[in-house]
Structure formats: C-alpha cells, structure tokens
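> I would like to see how this sequence folds:
(2 chains, ligands or ions: 2)
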Amino acid sequence: MERRNFFKITSLAGGGLLLSTYLPLACTTTKESAFDWEPNFFIRIGSDNTVTFICSQSELGQGTSTGLAMVAADELGASMDTLKIEFGQGSAERYGNLQDTGGSNGLRIVWSSLREAMATTRELLIAAAAQKWQIDTDECYCEDGFIHRKNDEEKLAFGDVLDIASTLSAPREIKLKEFGDFKYIGKPIKGPKTRMAVNGTTPYSINMKLPNMLYAAIERCPVWKGSLSSFDASEALKVPGVVEVLEVEPTEVQATDYRGGVRPGVAVLATSTWAAFEGKKALKIEWEMGINGLKSSQDVQKELEDDYKTNSKANVDLQNATALFEGGRKVFSAAYDSPHQANACMEPLNATAYHRGHKVEVWAGTQSPQLTRDRIAELTELPLAAITVNNQPSGGAFGRRYFCDYVEEAVILSEKVRVPVKVTWSREDTFLTSKYHPICKDYWQASLDTNNFPTAIKYRGSISRPGGYRCYPYSVPIAFYDYLKYKDDWLLPRASWRSVYAHPWGLGMECFMDELAHNAQEDPLQFRIKLLENAKIVEQKALPWVGDDFYPEKLKNTLEMVAEKSNWGKKSEGIYQGVSAISYNTSYCSMVADISMTNNQVKVHKVTAVIDCGLAVNPSQVKAQIEGSILWGLSATLKDAITVEHGHVQQSNYDTYDLMRISDAPEIDVHIVESTDTPSGTGEVGVPGVAPAVLNAVYAATGKRIRQLPIRSSLLQSTDS
Amino acid sequence: MKNLKINGQLLQVNADDNMPLLWALRDVMDMTGTKYGCGKGLCGACTVHIDGEAVRSCITPIGALEGKEITTIEGAEGNPILQTVQEAWYHADVPQCGYCQSGQMMSAAALLSKNSDPNDEAINMAMNGNLCRCGTYTRIRKAIKNAADSLDQNNN
Ligand code: FES
Ligand code: FES
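Ligands and ions are numbered 1, 2, ... in the order given. This is a model prediction of the structure:
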C-alpha cells in the first residue's frame, strides 16, 4: 500500500515542530502478511500488537531513546514492558530539521511534537474501539497497550482496531495528558537499551558486518594541514588478509566545521580489522608536514595572549557594561587556561558505507544523521534521496560524533571499491589524528563597587564566545570582547567536547566569582546567593545569539540546596570545600567538591550536586548524566590533556591520556529539584562546574589560586596566591 | 586454523595464530559482545575469561589458547556468577553508552568468583583496569556489592 504522510512536520522559525494533520488517511503498509499502521514517523503498530517507537534522536548513552520512549508510551497509553525501539534514519522530510543531537537537546526539542503525535494516535485508537463497541469515545481509554471500556472488564488490543483506526480522520482537537496521569514519566524506568547493554548486544556500528565487506584502517597525516608526498604499499600488501591499499584524498573543512576535514591518508583494506591494522603498520609513508609541523601548544597559547593585547574591542556590550568600568573604579582581573582535550569515547570512531554508484547507504553512530546525510550527498554529488544514514547507538559521542569526517572516509573508500567498507579508527588514531576541544585562554575583568561587589564584567574568551549557551554571569552587565576566530589551519582541527565552550566559560566564571568573593571577604557560596538576590531575569532572546532566558531564582535555589546537602562550611578537619553554579540552556546545576590535600596531591572525596532540569522524565538517567559529567570534569581537572610538539599530538593511548578510574572516583550525591517545567537537557550542565568547584576547594585548602587545567602538583609547589 | 573452546562449545576458528582473540571473536566468529577499546591492555573493554581469569583479549593471540576455557559475555547463560552480575548491573541501571560494560561485567564476575564479599579496596584492585568514559563507576561499585549479596543469598 502506498505510504502517505499523515502528519506534516514543519519546523518553525522559533524552534519547535508544527504537526499538522493534512491528510485524512493514515499511512498503512502491508509487510509480508502482517499489517502495520504508521500514523506518524514516531510509531508503528502491527496487527500482531507490536508497538514500535521510532526514536528520531541519537542514542549516545545519555538515555534519550528510553526517555522519549517513556514519553511516547505515556501519552499513547502503551506499555513500556513490550514497547520496541528503533532508530529513525536521518531525514529532514520526516523530522523537520531538528533531528541532530547536540547541546543536550534530545528531549527538549521533541517533547511537544512527540506528545502531540502520540495523543493524536491515542484518540484515533479510542475512536476506532468506540466504533467497534458502538459506544461513545468518552467511555474508552488507553492503558498498557489496550483500549479499555470504562467500568467494564472488556478491552481491545491496539492491533485489533487498526483496520478502523487507519481509516479515521485525525481529531481536530487533541488533549495532552495531565502530569498526574503519567505512569512512566518521572520514574526510573529501564528501557530495552539497558537490557541490550547488559547482554552485550547493543548494535553499535563497530559491530557492522555486511556480505563482501572490507575492513579498513587509515594512516592519516599526523600533522593537521600537512599532505601526502608518497607511499610504498609493498610490505603492507604482503600482510595476510590485506586486499588493497588506497590513497584517501583530504576534504576541506566546510564553513560550518562539522563537515569535511578528512585528513590526507593511506587506507589498508583487508579481510579483518586486525589484518587492516597490521597492514597499516607495514606502510611506508612520506608526509609533507607543512607550516604546523613547526608549531607547538605553547605557540598557540602565545598567539592567544598576543591577540588579547592587540585586539580588544567590545563587540557585545550589554547594559552599558563598558561604561561601568569608567571613572576610576576598582578593577579586578584574572585569566584562566584550559588545554586541548580529546573526547576519547570508548567506542573508537568508525563507520560503514556502501556506495552502489547510484545510491549510498551508511551505518554509523552519529549525533548528526541529517547533517551527515547532506554532507554525503554533497560529497558524492548524488541527490539527497539517494543517501540513507542508518543511525546506530554510539559507544559515547560527547560532541565528537556531530562531526562527520569519519563517515566521509568510509564513503570515499567504498566509492573506490564499490563494496561495503567499514573504517575502524585505532585508539591511537582517535588521539593522534582526530579533532579536538580547542585550547583556550579566557580573560575576566570586573569593575567593583565600594563593597567590592561586581557592577560590570568584561569577558574575553579565546576562539569563541560561549555560543548560544547561557552566558550572563549572575545578571551582572557584561561586555563580550572580540575573540580570536577559529581558523581551519589552526594547529589542530576543532571538535565539540562535552559542554563545548561552556567548559572554559564555566572554569573562568566560577573561579573568578570565587576570587571576587574572597576579595570582598565574603563566603563564596553566600556571595553568589547575594548576587542572585538582586539579579533580574535575563531575556536572552534579546542577545545577538539565540539563548534561553536566565532565571536567577532557579540558580539561587540550587545553590541553597547544595549548601544544605553538602554541609557547606561544616566539614571535618582536613576536608576543604569549593562551590560552583552553572546555567546551561534551561538547566541549572550547583555543586560542591570536598577535597583533601596530601603532598600537593588533590584527592576529591565527594561531589554534591543539585540540578534543576525542569521535569525529570527519568530521574535515574538524570542522575547518571550528572554522575558522568562529574567524572568527565574530574578527568579534565586531575588527569591528562592533549599537547602538541612540532605539530604532533603527544598522547597516543590511555597510558598517556589517562582518565578517571574507579579508584579515583569520589562519592557522588546528586539531588534533583522537583519541577514540572518543560524538560531541559542534562548531558552537559554538569560539566563546566566541576573544575572550578575543585580549584576553589584547592584554594580553600592551600591559599593557592590555580588558574589552569589540569592541576599538576608542580603548579601547587610553584604558585603563590 | 584453531579449535577453541568458547562458552563451552568447541569451535573451529579460521584465523592466523597471531590474531588476538578479540578480533577472532569479533570479526571471525561474529561474537561482538567483546569490545575493542585500546588494543594495548589499557582499558579493559575486551575483557574475557580464560580458565576463569579475567584476561584482555586484545593482547592475547589465539595461537596459545587451544585447550583453554574461554568465556565471553555471550556465555553468561552457562555462568551463574556472570548472570548474577548482569542482573545486578540491570537493577542498578549501570550502563550509559554501554560500550565498556561487557568488559566491566567480565572483570566483576572474575572478582566475585574469587572473592565473594569484596570490599572497596578489592573492587578498586580488580576494576581499575576497566575504563568508563561515561563515568558509571559509582553504580559499578554498587552493582558489584549487590551482586555479592545476591550470590551470598543463593548460597545460603
Ligand atoms: S581493548 Fe583490550 S584492554 Fe583495551
Ligand atoms: S558506559 Fe559508556 S564507556 Fe562505560
């Protein structure tokens, strides 16, 4: 039967999806003998009663698929116990342009449209059942995957009414359920995702195997913007299992830097991953290192410092912040350094592509199925309709999988050999030749009143301002200064990294607030609360970039709660505390770190966090996101960083780029603020506050102010406060 | 060609003796529960049991494995401790992306088979070689303790 779109989903200028019912007939398909009803692109109901939720957003481990499935099941009246989950292919036609997952947006952006679609489906099922029973629709309700008759035992399975439901017109008005009617939302439900992970059966793209598929490994140019001079494949071709050795031509980084940026390389195609890796080791390659071959991390740092000296013009000045620095006021300044970082997702980057000449299909764990699809169409010069992007669950992504260079590589190779090709990055590749969170140096200045409280702030971030994120420190007027624009030929190419620029922004802002508090001889936590007491709601829509409004009351509430939960100020001998407070999109998170110091080594004993993320759809997952964010932040604070010598990254595996391990992990205590506001993101708001909370605790313990990451014991020896 | 005993079954593996068990499992035997994370014994994602010991399969060539008992996450059915660990993992809602978790559970099961009541120190020792970028460590610790409790109950 012909596929028809029941709902037309249009993205609105202000964000959000418009779901209009523009065809009277629902879409039905006959697959083999079973009859499937797809009233919209989120759900498929089979005559055998299988209810399949099609998750439009990417599952990266943050639990979006479970959270959205819970929303769908609740609004529809389906059962989570039997609900199946599939992932939607990248498609703007189906999901509007809001499918790509970044900035912790998964739940936030489909919340309303998903609920409307499910409520409509529910009403159609009820109408169909009512017709069958010849009663009024008011007499029926959906629950647990059945349509029930009120005050009666009788019920019909969804599958029993599809013949009628699929012929009905959508109701003109739909009613969304009240919060009190939800059965799953708000509960710590585990979805199929958890079961698969426990059984080891999650279908990551690294597991892909297709008939005739070749396994590829690529030796990439070790210096960004270098080029391939020559290579000798003779030894590689002798390795058992190696089938072919091919050059990979680089692709330019595009204006939006999520696209392109494939490095020049030499690919070994083989009959197993291991044979490809072995063949790669046997390659002999001459590279032309280019200008970056002479540069190291310190050169970039110096570039940032020099640029600060010569180029300092306010480009956004909110509430006349600059003027508030005039008239001989006291000024307090500090600068904070953070290094290049790697995402180091546990599943190394990989993608499988099959280029058949007239069409291309790829399988990849990606945060950006739509952007990737567009990019492949551009790269192969095929129409968008010829490109299929199957979005697999990712073994961690954290921003890196928004960038599609690793998918491009598989497409480039499959185009040459016309069989399916799976490119697997070795762990070394993911450290040595990837894309990275950029090195930053952020300058903060405050003009002070007679009580040493800030009246205005000047902020000069490096490389970028904190984008669309909340960037209004405690509602104090702020001027943003010109920053050094990220350039494609920089020492290392850029990738997003969990919380992106909110990490350097949060590091600076929350350490700076601490410095200001001490300067004003105030308790750092109370100082923040005092600032927020006088703060106004800031409508960020007025800012020159899209942001969410800032509600000081919410941030203040998380601070007050964290003070209580962490026993702020009442710690035992030898334990020191540091605090931070972050807002990111429409979420708020305050945290307190408890540390001790031995021989200039920092030990983090406990982190207490309070998060306001609107309605917590799945509290267990919300807590998991904050726990994970805290460990992420601690790795960046206490463990390793990416450094570059003569263009070459110095860290190649987990021995030189260590992460927090179980013995390092502190006790973590997360509290969620009760709220019925629209759910906001949780994946990133927990990251930016971690480093400052720890650094502020280090100051409390030692009186030494560390302004750079990661903390090294040498810094503690040499730094004077 | 090697005859390997994997999860209680004798299987013919058509691969070079030098091929690490990890890749033989994943690419040759289509058993993808065991994961590649670092290839150097640094992350634990590839952990399997060989004669009951937790071993990093990424640095263990298949040539040396004939006559040994290999257990992977796919072999949980025949391994009550591993099964208990899986259930404890599920109930503590441990996995985030899940990629490291096969290795985590294999390490935990090996620990519990030797130490039925591991304290924090013992957990640190046994689990420190297993990285989790998603940061699930607090739940892993809890799940191991819960698994120890339920194994204890089953034995009483
Ligand atoms: S893949 Fe074997 S220890 Fe990392
Ligand atoms: S759950 Fe993602 S790496 Fe451990």
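> Point me to the residue of the stretch 551-700 of chain A nearest ligand 1.
Here the residue of the stretch 551-700 of chain A nearest ligand 1 is A:Tyr654; by C-beta to the nearest ligand atom that distance is 7.5 Å. C-beta coordinates here come from the backbone N, C-alpha and C atoms, glycine included.
> so what's that residue up against?
A:Ala344, A:Arg427, B:Cys38, B:Lys40, B:Leu42, B:Cys43, B:Leu131 (C-beta atoms under 8 Å, 6 or more residues apart in numbering or on different chains).
> repeat for A:Ile206
Contacts for A:Ile206 were tallied using C-beta under 8 Å, 6+ apart; they are A:Glu347, A:Pro348, A:Asn350, A:Gly395, A:Thr424, B:Thr32, B:Lys35, B:Tyr36.
> Tell me the one among those residues nearest to A:Leu379.
Nearest to A:Leu379 among the contacts of A:Ile206 is A:Asn350, at 18.0 Å by C-beta to C-beta.
> Contacts only, for the closest one.
A:Ser205, A:Ile206, A:Ala364, A:Tyr406, A:Lys422, A:Val423, A:Thr424, A:Trp425 are the contacts of A:Asn350 under C-beta under 8 Å, 6+ apart.
> Of those residues, which is the nearest to B:Asn119?
A:Ile206 (35.3 Å).
> quick one: the helices in the stretch 1-150 of chain A?
Shown for the stretch 1-150 of chain A, the helices assigned by DSSP state H, counting those that start in this stretch span residues A:64-76, A:92-95, A:106-133.
> Could you check the last one against chain B for contacts?
No. Applying C-beta under 8 Å from any C-beta of the partner chain, one finds helix A:106-133 out of contact with chain B, separated by at least 13.5 Å.
> List the buried residues for that helix?
Using 16 or more other C-beta atoms under 10 Å in any protein chain shown as the test for burial, helix A:106-133 gives A:106-111, A:113-130, A:132-133.
> can you check stretch A:512-525 too?
Across stretch A:512-525, burial judged by 16+ other C-beta under 10 Å covers A:512-520, A:522-525.
> which ones among those residues are found in strands?
Of the buried residues of stretch A:512-525, none are assigned to strands by DSSP state E.
> For the longest helix seen in chain B, give me every contacting residue.
Scanning chain B for the helix with the most residues, using DSSP state H, yields helix B:137-155. Contacts to helix B:137-155, defined as C-beta under 8 Å, 6+ apart, come from residues A:624, A:627, A:631, A:660-662, A:665, A:667-668, B:80-81, B:84-85, B:87-89, B:91-94, B:104, B:108, B:111-112, B:116-118, B:120, B:123, B:127, B:132.
> Show me these that map onto helices.
Per DSSP H, the contacts of helix B:137-155 map to helices at A:624, A:627, A:631, B:80-81, B:84-85, B:87-89, B:91, B:104, B:108, B:111-112, B:120, B:123, B:127.
> Ligand 2: which of the contacts of A:Asn350 is nearest?
A:Ile206 (13.0 Å).
> Return the distance of stretch A:696-707 from the chain's centre.
30 Å (C-alpha atoms, centre = their mean, to the nearest Å).
> can you list contacts of that stretch?
A:334-337, A:510-511, A:514-515, A:518, A:524, A:576-580, A:593-597, A:602, A:695, A:711, A:715-716, A:719-721.
> What score does the residue nearest the centre of chain B have for pLDDT?
Centroid-nearest residue in chain B, with C-alpha atoms, centre = their mean: B:Met106, separated by 2.1 Å. Note on B:Met106: pLDDT of 98.
> Next: A:Ser721.
At A:Ser721, pLDDT is 44.
> Was I right to think A:Leu124 contacts A:Leu162?
No. With contact defined as C-beta atoms under 8 Å, A:Leu124 does not reach A:Leu162; the gap is 9.8 Å.
> packing partners for the helix or strand containing A:Gln370?
Under DSSP states H and E, the secondary-structure element containing A:Gln370 is helix A:369-380. Applying 3 or more C-beta pairs under 8 Å, 6 or more residues apart in numbering or on different chains; DSSP states H and E, we find helix A:369-380 packed against strand A:360-364, strand A:387-391, helix A:405-417.
> Ok, which of these comes nearest ligand 1?
Ligand 1 sits nearest to helix A:405-417 of all the helices and strands packed on helix A:369-380, at 18.8 Å, using C-beta to the nearest ligand atom.
> got the contacts of A:Tyr654 as JSON lines, with distance to ligand 2, neighbour count and secondary structure columns?
Listed next are the contacts of A:Tyr654 as JSON lines, based on distance: C-beta to the nearest ligand atom, whole Å; neighbours: other C-beta atoms under 10 Å in any protein chain shown; DSSP: H, G, I helix; E, B strand; the rest coil:
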{"residue": "A:Ala344", "distance to ligand 2": "10", "neighbour count": "29", "secondary structure": "coil"}
{"residue": "A:Arg427", "distance to ligand 2": "13", "neighbour count": "23", "secondary structure": "helix"}
{"residue": "B:Cys38", "distance to ligand 2": "12", "neighbour count": "25", "secondary structure": "coil"}
{"residue": "B:Lys40", "distance to ligand 2": "17", "neighbour count": "16", "secondary structure": "coil"}
{"residue": "B:Leu42", "distance to ligand 2": "14", "neighbour count": "20", "secondary structure": "coil"}
{"residue": "B:Cys43", "distance to ligand 2": "9", "neighbour count": "29", "secondary structure": "coil"}
{"residue": "B:Leu131", "distance to ligand 2": "7", "neighbour count": "26", "secondary structure": "coil"}
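> Now the two most distant members of the residues you listed.
A:Ala344 and B:Lys40 (13.9 Å).
> before we move on, the earlier item: A:Ile376: which of the buried residues of stretch A:512-525 is nearest?
A:Phe512 (43.6 Å).
> Would you mind giving the domain segments of the chain?
Using chain A. Chain A breaks down by automatic domain parsing into domains covering A:2-199, A:205-291+A:349-424, A:313-326+A:436-718.
> please go with chain B instead
Taken from automatic domain parsing, chain B resolves into B:2-75, B:76-155.
> what does chain B put close to ligand 2?
B:Pro95, B:Gln96, B:Cys97, B:Gly98, B:Tyr99, B:Cys100, B:Gln101, B:Cys132, B:Arg133, B:Cys134, B:Thr136 (C-beta under 6 Å from any ligand atom).
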